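Engineer: sharing a model prediction with you, sequence too.
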Number of protein chains: 2
Amino acid sequence: MSASEQTNWQSVHDEVLRRIHTREWKPGDQIPKEVELAEQLGCARATVNRALRELAAEGFLDRRRKAGTRVSTHPVRRAKLDIPVIRLEIEGRGQKYGYGLLLSERRTPTPEVCANLGVSAKSDMLHITSLHLADRKPYMFEERWVSIDTVPEIVDADLSAISANEWLVLHAPYTKGDISFSAVLATETEAKILRTHAGAPLFLMERMTWEHDAGITAARLLFAPGYRMHSAI
Amino acid sequence: MSASEQTNWQSVHDEVLRRIHTREWKPGDQIPKEVELAEQLGCARATVNRALRELAAEGFLDRRRKAGTRVSTHPVRRAKLDIPVIRLEIEGRGQKYGYGLLLSERRTPTPEVCANLGVSAKSDMLHITSLHLADRKPYMFEERWVSIDTVPEIVDADLSAISANEWLVLHAPYTKGDISFSAVLATETEAKILRTHAGAPLFLMERMTWEHDAGITAARLLFAPGYRMHSAI
DNA sequence: GAGTGGTCTAGACCACGAC
DNA sequence: TCGTGGTCTAGACCACTCC
C-alpha cells in the first residue's frame, strides 16, 4: 500500500491477494476483521466487504460470521468454463461453421434417458442427431432428446436450419442443468460420422436441463479427436 | 411479487430470473433501469444493483452503461468447476485415499515443457511422477515438472509423504493458471500403471501455473478409465 | 451532452455461530 | 452471549458510451 491511490474495492482485493501471495498471510491464518482493514486501508467497511466477498467466491478466503476471515488452506480452484453455443465457439476462432441435421424422429425415450432426465417411459420426445462442422471438417456429433411434453413448440422448429441447442437457448430457458465430461472410444458408427477410426479417443460432454422438475433435454456431445477444452484458473 | 416479503437482493435476483424464465422478458429485451426496478420492488437502488450484477455474472444479463440492461441472447453458460485437491475429492466421496511417489529426479526440462511453461531449456527442474489411489485402486497418474528456480524450497519437501500438488498449494501460490481437458489413449506404460490396457480411453487434465511470469509447474493428470468430471450449470 | 450503470460512504440492524 | 460477517439504505459522485 504505502500511500497513493483511490481506495476502491479492486485495490483492496489486489492488496489482500498480494499479502496472500507474499505469504504475509499464510494458509490458515486469520486476517484482520473488516472494520480494521477498512481503517488500515482508508475506506468504508462496505468496500472491504465487497473485496473480501469476491476473494471468498474465488476460493482464496474462508469467511464465517463470528469466526472471522481466514486464508484458505485448500484453495479449491474454480475453473470458470464458459460453455458457449457451438456455433459461436467455432466462429470465435475464425473458422467457418457448418451444421447438418442427420435425423429427427418422434418416439418414446430409452430407459437410460428416462432414468437420467426423470421423464416417464411413455413420454413424447424428439430424438435428434446432428453434426457440427468447423471449416467443413467434422467437429462434434450430437445426439439429443427433447421432451415434447415440456417444450411442445419444438415440433414446429426447423431443426435443419438452426441447431436444437440454439433453438432451446432462445425458447426454453432452464432452471437447473447438469454437465459432465469424460473420455470414450469411438464406436464404428461414431467414427464414420466424425471421419475418424473406431477406437479413437473422443471427448464426451453430456448435458441435461430441467425447468424446475420437468426434464427439457438430454444431450450427448462427442467431439472429434484432438478436441481440447480449456480455461484460465 | 404482489406484496409481502422483505425485499433483499436475493429476492430481487429470483424475481428477475422468474421474469426471464416466464419469458415476460425475452432474450434481447431491455429491462427497466435500476431506479425503476428499485421503485417497483420497494428497495434501494444498491440492492437492485447487487442482484443484477450477480445475474450478469451468471450470464443471464448483459449490462452496459447508458445502454441499459438486456436479457442475454446467448446465455453463455458458465459451468463452475471446483477443482479440489485430489485427496479431498476422493475422501469427499467416502473412499480411502492412497498416494505413491513413483519417481523424483532433478533434470532439465523437455522442449515441450519449456515452450508451454515459458522456462529456459537449461533451467533446474524437478520431474515427478506419482500415482493416486481411491480405495486401493489406481485413480490418477500424475506427471509433473516443478521449477526449482521459481520454487527452490521444493527440493526440501518430502514428496513421498505429501503430493507435489498439495505441497505447492500450501507453499507456492500462483497468480496465473491454465487448465485444459481432453481425451487420449493409454500408452503401454500408462496402462500398466493405471492397471488397464493400452488403448483405453483416458481423461487427461493438463495444468500449468505461474507466479507473474515465472513458471511454477506443469502437470499432466491422467485419470483411470471411467472417470467423469461433472458440474451443475 | 446526457443517461445509465459502477462505485463509495456512513450508519444501521440483523443472523449466524463460536464460546 | 456477543462478536463477526451479511445486508440494507439514502445519497452522492463518477465513468462509460450512446446519440
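Structural biologist: Yes, it's here. Numbering: from 1, shown residues only, chains lettered A, B, ... in the order given.
Engineer: what strands line up against the worst-scoring helix or strand of chain A on mean pLDDT, and which way round?
Structural biologist: Least confident helix or strand of chain A, by mean pLDDT, DSSP states H and E, is strand A:77-83 with a mean of 80. Sheet pairing of strand A:77-83 (DSSP bridges) gives strand B:77-83 (antiparallel).
Engineer: who's in contact with the next helix or strand after the strand it pairs with?
Structural biologist: Following strand B:77-83 in sequence order, the next helix or strand is helix B:86-92 (DSSP states H and E). Applying Cβ atoms under 8 Å, 6 or more residues apart in numbering or on different chains, the set of residues contacting helix B:86-92 from outside is A:His74, B:Pro84, B:Lys96, B:Tyr97, B:Tyr99, B:His132, B:Ala134, B:Tyr139, B:Met140, B:Ser163, B:Asn165, B:Glu166. Placement of C-beta: from N, CA and C, glycine included.
Engineer: residues contacting the nearest residue in space to A:Ser163 that is not next to it in sequence?
Structural biologist: Of all residues not flanking A:Ser163 in the chain, A:Tyr99 sits nearest, at 5.5 Å (Cβ to Cβ, 6 or more residues apart in numbering or on different chains). A:Tyr99 is in contact with A:Arg87, A:Ser130, A:Leu131, A:His132, A:Leu133, A:Ser163, counting by Cβ under 8 Å, 6+ apart.
Engineer: repeat that with 10 Å
Structural biologist: A:86-87, A:90, A:130-133, A:139-140, A:142, A:159-163, A:166 (Cβ atoms under 10 Å, 6 or more residues apart in numbering or on different chains).
Engineer: likewise for A:Val35?
Structural biologist: A:Arg45, A:Val48.
Engineer: what do you get for the one 10 residues further on?
Structural biologist: With contact taken as Cβ under 10 Å, 6+ apart, A:Arg45 is in contact with A:Lys33, A:Glu34, A:Val35, A:Glu36, A:Leu37, A:Ala38, A:Glu39.
Engineer: and for A:Pro27, the neighbour number?
Structural biologist: A:Pro27 has 18 neighbouring residues, counting by other Cβ atoms under 10 Å in any protein chain shown.
Engineer: quick check: it vs A:Met208, distance?
Structural biologist: 36 Å (Cβ to Cβ, to the nearest Å).
Engineer: and stretch A:126-140, how far apart are its ends?
Structural biologist: One end of stretch A:126-140 sits 20 Å from the other (Cα to Cα, to the nearest Å).
Engineer: what does stretch A:180-194 give?
Structural biologist: Counting by Cα to Cα, the terminal residues of stretch A:180-194 are separated by 21 Å.
Engineer: my guess is A:Asp149 contacts A:Glu211. True?
Structural biologist: No - in this structure, A:Asp149 is not within contact of A:Glu211 by Cβ atoms under 10 Å, at 11.2 Å.
Engineer: quick one, phi/psi of the nearest residue to A:Lys96 once chain neighbours are set aside?
Structural biologist: Leaving aside its sequence neighbours, A:Lys96 sits nearest to A:Asp135 (Cβ to Cβ, 6+ apart; 5.3 Å). Dihedral pair for A:Asp135: phi 50, psi 50, per degrees, to the nearest 10.
Engineer: am I right that A:Asp135 is in contact with A:Gln95?
Structural biologist: Yes - the criterion here is Cβ under 10 Å, and A:Asp135 meets it with A:Gln95 at 4.7 Å.
Engineer: more neighbours, the two?
Structural biologist: More crowded of A:Asp135 and A:Gln95, by other Cβ under 10 Å: A:Gln95, with 15 against 12.
Engineer: quick one, what contacts the more buried one?
Structural biologist: A:Glu89, A:Leu133, A:Ala134, A:Asp135, A:Arg136, A:Lys137, A:Tyr139.
Engineer: same thing but at 6 Å, please
Structural biologist: A:Ala134, A:Asp135 (Cβ atoms under 6 Å, 6 or more residues apart in numbering or on different chains).
Engineer: please parse chain A into its domains.
Structural biologist: What automatic domain parsing lists as the domains of chain A is A:9-71, A:86-223.
Engineer: around DNA strand D, pick out the residues from chain A.
Structural biologist: Proximity of chain A to DNA strand D is confined to A:33-35, A:45-46, A:49, A:52-53, A:56, A:63-69 under the rule Cβ under 7 Å from any atom of the strand.
Engineer: give me that answer again for 10 Å
Structural biologist: Contact residues, chain A versus DNA strand D (Cβ under 10 Å from any atom of the strand): A:6, A:8, A:30-38, A:44-46, A:48-50, A:52-53, A:56-57, A:61-70.
Engineer: okay, and which of those residues map to strands?
Structural biologist: Counting by DSSP state E, these place A:Gln30, A:Ile31, A:Leu61, A:Asp62, A:Arg63, A:Arg64, A:Gly68, A:Thr69, A:Arg70 in strands.
Engineer: of these, keep whichever come out buried.
Structural biologist: Buried members of those, scored by 16 or more other Cβ atoms under 10 Å in any protein chain shown, are A:Ile31, A:Leu61, A:Asp62, A:Arg63, A:Thr69, A:Arg70.
Engineer: adding pLDDT, write these out as a markdown table.
Structural biologist: Conversion of these to a markdown table gives the following (pLDDT from 0 to 100):
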| residue | pLDDT |
| --- | --- |
| A:Ile31 | 97 |
| A:Leu61 | 95 |
| A:Asp62 | 95 |
| A:Arg63 | 96 |
| A:Thr69 | 97 |
| A:Arg70 | 96 |
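Engineer: DNA strand C contacts on chain A?
Structural biologist: Proximity of chain A to DNA strand C (Cβ under 10 Å from any atom of the strand) is limited to residues A:6-13, A:34-35, A:38-39, A:41-51, A:64-68.
Engineer: okay, now the residue nearest to A:Leu103 when sequence neighbours are not counted: neighbour count?
Structural biologist: Excluding the flanking residues, the one nearest A:Leu103 by Cβ to Cβ, 6+ apart is A:Thr129, at 4.6 Å. Look at A:Thr129: counted by other Cβ under 10 Å, it has 17 neighbours.
Engineer: wait, is A:Thr129 part of a strand?
Structural biologist: Yes - under DSSP: H, G, I helix; E, B strand; the rest coil, A:Thr129 falls within a strand.
Engineer: show the pLDDT at it.
Structural biologist: pLDDT, A:Thr129: 97.
Engineer: what's the spacing between it and chain B?
Structural biologist: 20 Å (Cβ to the nearest Cβ, to the nearest Å).
Engineer: okay, now the closest residue to DNA strand D within chain A: neighbour count?
Structural biologist: Nearest residue of chain A to DNA strand D: A:Lys66, at 2.8 Å (Cβ to the nearest atom of the strand). A:Lys66 is flanked by 4 other residues according to other Cβ under 10 Å.
Engineer: ok, now which ones touch A:Met205?
Structural biologist: Here A:Met205 is in contact with A:Phe181, A:Leu221 (Cβ under 6 Å, 6+ apart).
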